[in-house]
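Visitor: my questions concern the predicted model and sequence given below.
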Amino acid sequence: MASDISIGEQYLWVANRRLSSLIAFALEVATDDACTDEEKGYVAKLKKWDETEHWPGCGFDLNERFPTVDEKQFWARCFFNVARRIFRHEIGNQHIQFWQCGAIGDAYVTARMLTSAIQKETGTSWFPDTEDAADAQEYYDRLNIQT
């Protein structure tokens, strides 16, 4: 069975188990990353949806799940960080590796879909402050390169 991750006219088809994994990973990352009460509320809302409404093969409409720009921004950052943490072997089953490339790609595409939607909604070139961006800035600072 397949599920789709969508926003507007963009669709990403994934296996239903992949959608379940991505949501679980996003919740894990989001639980770590949520700093404000508002962000903790976003996590609780997705967790409740996952526990009560999510079923194998259901769709995951990003506009429906994350209706505000602030929610999209939070979850875009989380999905980018999911991709990074899979790459760094920090989340997921690390005893087998065949799933990692696809999961990284799916998390990254989901984050890009959210980022693109935010940019269209706000008319800006917004991009989230991700763990990768922080590492890159630290690296460039050591080299004394201005970005």
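Guide: Now that the structure is in, tell me what you want to look at.

Visitor: tell me which other helices or strands the least confident helix or strand in the chain by mean pLDDT touches.
Guide: Every helix and strand of the chain was ranked by mean pLDDT, DSSP states H and E. The lowest is helix 131-143, at a mean of 89. Other helices and strands packing on helix 131-143, by 3 or more C-beta pairs under 8 Å, 6 or more residues apart in numbering; DSSP states H and E, are helix 69-87. Quick note: C-beta positions are derived from backbone N, CA and C, even for glycine.

Visitor: and the helix it packs on, what's buried?
Guide: 71-87 (16 or more other C-beta atoms under 10 Å).

Visitor: and the contacts of the helix or strand that it is followed by?
Guide: Going down the chain from helix 69-87, the next helix or strand is helix 100-122, by DSSP states H and E. Under the criterion C-beta atoms under 8 Å, 6 or more residues apart in numbering, residues 5, 7-8, 10, 12, 14, 18, 21-22, 25-26, 62-63, 66, 69, 72-73, 75-80, 82-83, 86-87, 92, 124-128 lie in contact with helix 100-122.

Visitor: how far is helix 100-122 from where the chain is centred?
Guide: In terms of C-alpha atoms, centre = their mean, to the nearest Å, the centre of helix 100-122 is found 7 Å from the chain centre.

Visitor: quick one: contacts for the most centrally placed residue in the chain?
Guide: The chain has residue 79 as the residue nearest its centroid, 1.6 Å off, counting by C-alpha atoms, centre = their mean. Residue 79 is in contact with 22, 26, 107-108, 110-111, 114, counting by C-beta under 8 Å, 6+ apart.

Visitor: what separates it from residue 95, distance-wise?
Guide: Relative to residue 95, residue 79 is positioned 24 Å away (C-beta to C-beta, to the nearest Å).

Visitor: ok, now residue 13?
Guide: For residue 13, the distance to residue 95 (C-beta to C-beta) stands at 27 Å.

Visitor: of these two, who's got more company?
Guide: Under the neighbour definition other C-beta atoms under 10 Å, residue 13 and residue 95 were set side by side, and residue 13 has more, 12 against 5.
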